[in-house]
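Engineer: coordinates only, sequence not included:
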Ligand SMILES: *Cc1c(COP(=O)(O)O)cnc(C)c1O
């Protein structure tokens, strides 16, 4: 049963009621379809190509429900699902790559995006050029070539948190007919309207905040009408599809995402503000924090912030750093983020190949924190004890 008259409602409301047309028998939630084959009543119907579902690779009511909800979230014309955020990124990169072509990628990009570009794309004859995430429109215009097919953004960068001037940069690409894709996993499709800011494609590592519970992997590609044929063709050609269980978990997470994000933001602001005052901390890279790098641009373009940021410590001996991280009780050491629990990891921007267009200006260790839904005072106490251990081991 389609939801009636939700078009005029606010986004919070629309997201709660989205995708009801994929449910049955009055159940609030869609069924989880475990499927491959979909039977047709007769050969003529099978061959007509007119059935809503033909084979589970091309969608089930469960996956269509998630796609519909993501379109509602991002104001998108369409959405396709991929088994991970990285698979979604690869799909988008391949969709807009041509042999002999040139693509522009932000130097702050998620590491595996760079690996895809310098690995598989290079083998296919595509030249990836990395640019300073804070590039001006005029300088970006200077990098555009007749062969340029794609401008790839990530804002803010998920380790170093440079906020890009998305409206200005997409305008440069638009003028030249170059497609724009953005990995904007950090604002989760909620705090930044990337399609409204001129991007043709928005990628979410939905593994993070949409799933929100560190239990499923999911990538989403939301797109405008203009990008539909390129994305849909690449997605179909690659055979990308996801399990009903994972689509279900993602949709379930999405219903409460706004509430969780608000708490992540509140906690992260409290912890980041505390860290900013610590003598051990050189800089806090959290665009929502007044005085942090790119705070003004963040304020102009974003309506809020998620719970992920980095801190640069003043240089410390390696063993003192490990004393800090390894004794933390509440911050787990592990990849990913967006779940309900706090995490910490080191990112080394000086590692060979980590950045190629820009040089990271600080020498101290860079730690990325994901602030979970714990009581922020407990998180602060945990970090405070860590600084105590660090001092003792220095
Ligand atoms: C985690 C992440 C991805 C990849 O998502 P997976 O589901 O882990 O493959 C892509 N981009 C960013 C910014 C991420 O943080």
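Structural biologist: Here it is on my side, so go on. As the structure is a prediction and not an experimental result, all values here were calculated from the model. Numbering: from 1, shown residues only.
Engineer: only C-alpha atoms for contact and neighbour calcs from this point on.
Structural biologist: Will do.
Engineer: For the ligand, what's the nearest residue on the protein?
Structural biologist: Nearest to the ligand in the chain, going by CA to the nearest ligand atom, is residue 85, at a distance of 3.4 Å.
Engineer: where does that residue land on pLDDT?
Structural biologist: Note for residue 85: predicted pLDDT of 98.
Engineer: Show me which residues of the protein are close to the ligand?
Structural biologist: Residues of the chain that fall close to the ligand, judged by CA under 6 Å from any ligand atom: 84, 85, 86, 110, 158, 185, 205, 207, 217, 218, 219, 336.
Engineer: which ones are touching the residue nearest to residue 393 when sequence neighbours are not counted?
Structural biologist: Leaving aside its sequence neighbours, residue 393 sits nearest to residue 320 (CA to CA, 6 or more residues apart in numbering; 4.8 Å). Residue 320 makes contact with 389, 390, 391, 392, 393, 394, according to CA atoms under 8 Å, 6 or more residues apart in numbering.
Engineer: And these, which is closest to residue 76?
Structural biologist: Set against residue 76, the nearest of those by CA to CA is residue 390 (47.2 Å).
Engineer: Just give the nearest non-adjacent residue to the closest one, would you?
Structural biologist: Nearest one to residue 390, counting by CA to CA, 6+ apart, is residue 320 at 4.6 Å.
Engineer: State the three-state secondary structure for that neighbour.
Structural biologist: Secondary structure, DSSP: H, G, I helix; E, B strand; the rest coil: residue 320 is helix.
Engineer: mind listing the helices for the protein?
Structural biologist: Under the criterion DSSP state H, helices of the chain are mapped to 11-17, 43-48, 61-74, 85-95, 111-116, 122-123, 137-143, 166-175, 228-238, 244-255, 257-276, 295-301, 318-326, 376-393.
Engineer: Can you lay out those as JSON lines showing distance to residue 307?
Structural biologist: Formatted as JSON lines, those follow (distance: least, CA to CA, whole Å):
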{"stretch": "helix 11-17", "distance to residue 307": "20"}
{"stretch": "helix 43-48", "distance to residue 307": "48"}
{"stretch": "helix 61-74", "distance to residue 307": "19"}
{"stretch": "helix 85-95", "distance to residue 307": "18"}
{"stretch": "helix 111-116", "distance to residue 307": "20"}
{"stretch": "helix 122-123", "distance to residue 307": "34"}
{"stretch": "helix 137-143", "distance to residue 307": "29"}
{"stretch": "helix 166-175", "distance to residue 307": "21"}
{"stretch": "helix 228-238", "distance to residue 307": "30"}
{"stretch": "helix 244-255", "distance to residue 307": "16"}
{"stretch": "helix 257-276", "distance to residue 307": "5"}
{"stretch": "helix 295-301", "distance to residue 307": "14"}
{"stretch": "helix 318-326", "distance to residue 307": "19"}
{"stretch": "helix 376-393", "distance to residue 307": "12"}
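Engineer: ok, the residue of the chain closest to the ligand touching residue 219?
Structural biologist: Yes. Counting by CA atoms under 8 Å, residue 219 is a contact partner of residue 85 at 3.9 Å.
Engineer: quick revisit: what separation is there between the residue nearest to residue 393 and residue 192?
Structural biologist: Residue 320 sits 38 Å away from residue 192, taking CA to CA, to the nearest Å as the criterion.
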